[in-house]
Structures are given as C-alpha cells and as structure tokens.
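# output the structure for:
(one chain, ligands or ions: 2)
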Amino acid sequence: MQDNLKSGFVTLIGRPNVGKSTLMNHLIGQKIAITSDKPQTTRNRIQTVYTDERGQIIFLDTPGIHKAKNKLGEYMVSVAEHTLKEVDVILWLVEPSTFIGAGERHIAEQLNKVKTPVMLVINKIDTVKREEILTFIAAYKDICKFAEIIPVSALKEINIEDVKDCIFKYLPCGPQFYDEDTVTDQPMRQIAAELIREKALRMLDDEIPHGIAVVIDQMKERPNGLIDIDATIVCERESHKGIIIGKNGGKLKKIGTSARTEIQNLMDTQVNLKLWVKVRKEWRDSDLYMKNYGYNPKDI
Ligand SMILES: Nc1nc2c(ncn2[C@@H]2O[C@H](COP(=O)(O)OP(=O)(O)OP(=O)(O)O)[C@@H](O)[C@H]2O)c(=O)[nH]1
Ligand SMILES: [Mg+2]
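Ligands and ions are numbered 1, 2, ... in the order given. Model (predicted):
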C-alpha cells in the first residue's frame, strides 16, 4: 500500500481576486491563507498540506498575477510565476466568464512554456447559471493544452472533491514530504501578521489596503499560557494612519478585536494583542523596507 502513495506539489495561480486562497483553504479544510474582496490580498507564497489515504498534496497559494505598479507588485508576480517551475500540477483559476483579457492571455503564454499538467479551474460558478458554464469552457479550452477543466465554487464547496481526485491522477508516486498532521509550515508569527492584515483589508476602503504591511514586533508566552503580541500596521501616508486609527481609536480597536479572536481560535489560547500604526512613505518601492516586512526578492 505504501508503494502506491502519491505525493507532490500543486500551485494555484491566476489573476488577483479569482479565489485562489479561498479554494486552497477549502481544499485543505482549514483557513490558513487570508482572503478578501480586494485584489492583491495574497503577497507571498503560502504552503499548506493535504493528506489522505491516497497520499499527500502540498498546495502553494500565490499572489495574483497582475501588471505591477511598484517593486512590491513585481515581487508578488515573480513569487507566483516562480512556482510554475517547482510543481507537479498547476491549477489555473479563472472567473466564470467568456471574456479572455490581456491578463489571462499573459498567464496562458507562461503556461504554454511549461510541460507540467495544467488544470483549468473555473471558479465562482455559484454566481452564474448552470447552462452558461459550457460557454466558459468553450471560450478557454483552446487557449492552453489543459489536462482537465473543472468548474467549481470554492466558497460553496461545489466540485471541490473532483479537484483533489484530478490532482491525485497527475501526482507522481512517492513518499510523503510532511507527517500527516501537518497543515502548514507557515510560522505562527507570520499567520498572526497575515490575520491582522486581513482584518485591516476587510475594514478599510479604497487605496489604503494596498499600502499596508503588518509586522509582529514581539510575541511572547506567559507562564499561564497567555500570549502577548505587539504588532505594527505600516501605511504609506499620515492621512491613512488617521483613517486606520479612526475616531477615538475606534477603527484600530475593531481591527484588533477581530484579529485577536481569530488568532486565539487558531492558537487555542488567550491572546493579548496590542496594535500600533506607523507611516513609511513609499515602502512598496523600497528594497530595505520590503525586506523588513517579509517581501525579500532574494527569498523567492
Ligand atoms: N461567489 C463566490 N465568491 C468567491 C468564490 N471563491 C472566492 N470568492 C470570493 O472572491 C474574493 C476573492 O477571494 P480570494 O480567495 O481572496 O482571491 P485570491 O485569488 O486569493 O485573490 P488575491 O490573493 O488577491 O490574488 C473573496 O471575496 C471571496 O469570498 C466562489 O466560489 N464564489
Ligand atoms: Mg489570495
């Protein structure tokens, strides 16, 4: 039986906001990657592990591929495109539409250069009529050589098991890379920072979310198990700082409360979260700041 186990790496790529992180979370059955309705939510590669009796799938969630407007954007696109060379199966997620724009064509070009099996995943089918799905498949089917085309709804968990079945078909036989209890190798510090960023993204409007980063300054466990976390939300302008803090500190408090609840659930212990806000002008174009905030091109 051991000899038949399959294992390998699978990347989820696509334009921003198509539902890559949502799909990965539902495939592994746990929320590890943050999600929001704002494009460019994911900034780094997020690795998670799914194990069942057939073997092990290591998923790589990636930033949305887009036309970069600053160094952070270039970093994000590079992180995503780099995974294409490292995996056994590629999942290309798209919106349920017959419109194939320059963004999708750019991704198709990249995919046509690799020999790795590509599965086209048409996501968000809960938002369209059933009979429309065939028109989306027809629009996409010749743009690349697809191993499979699967319409899904990540959010409503439609056809999620089909995605895993198809992936296992294309994975090589081999031993597991991680023990079967592992869900992710993301450090807790990083997950906590991401959860704070997610709450900020969800509670802030317009251009502010794109310009924020979250740094964990300190994370310490007390003898009674309570964890103290000090974190800083970095933004690009004084005016943004004011909005993030809000009237009488109300907005920052809301972000903190919401993040603390989720971090507590994940860590299964009490958390004392203190948040600060600071301004670092144009950090998204600074090599030094990007490195300090966890976006170092040398790590790709
Ligand atoms: N209706 C519907 N919405 C979905 C579905 N999957 C994801 N979404 C929503 O689409 C938005 C984007 O989801 P994400 O998972 O953050 O998208 P992403 O592709 O990871 O985005 P980036 O990280 O910015 O590249 C969120 O508001 C999700 O709730 C789906 O199957 N149906
Ligand atoms: Mg994402």
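# C-alpha only now, for contacts and for neighbours.
Noted.
# can you show me the strands along the stretch 101-250 of the chain?
118-122, 148-151, 213-221, 227-235 (DSSP state E, counting those that start in this stretch).
# dump the residue contacts of M203.
251, 255 (C-alpha atoms under 8 Å, 6 or more residues apart in numbering).
# contact residues of this structure facing ligand 1?
16-22, 35-37, 39-42, 63-64, 123-124, 126-127, 153-156 (C-alpha under 6 Å from any ligand atom).
# at 5 Å what do you get?
Residues of the chain that fall close to ligand 1, judged by C-alpha under 5 Å from any ligand atom: 16-22, 35-37, 39-42, 63-64, 124, 153-155.
# can you redo the strands of the stretch 101-250 of the chain as JSON lines with mean pLDDT, distance to ligand 2 and mean neighbour count?
JSON lines is the format used below for these (pLDDT from 0 to 100; distance: least, C-alpha to the ion, whole Å; neighbours: other C-alpha atoms under 10 Å):
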{"stretch": "strand 118-122", "mean pLDDT": "98", "distance to ligand 2": "15", "mean neighbour count": "24"}
{"stretch": "strand 148-151", "mean pLDDT": "98", "distance to ligand 2": "19", "mean neighbour count": "19"}
{"stretch": "strand 213-221", "mean pLDDT": "98", "distance to ligand 2": "15", "mean neighbour count": "17"}
{"stretch": "strand 227-235", "mean pLDDT": "98", "distance to ligand 2": "19", "mean neighbour count": "20"}
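# closest to K71 out of those strands?
Nearest to K71 among those is strand 213-221 (14.0 Å), distances taken as C-alpha to C-alpha.
# can you give me the angle the closest one makes with strand 227-235?
If you take axes from the mean of the first three to the mean of the last three C-alpha atoms, to 10 degrees, strand 213-221 sits at 170 degrees to strand 227-235.
# strand 213-221 - contacts with which helices or strands?
For strand 213-221, the contact count by 3 or more C-alpha pairs under 8 Å, 6 or more residues apart in numbering; DSSP states H and E identifies helix 188-203, strand 227-235 as packing neighbours.
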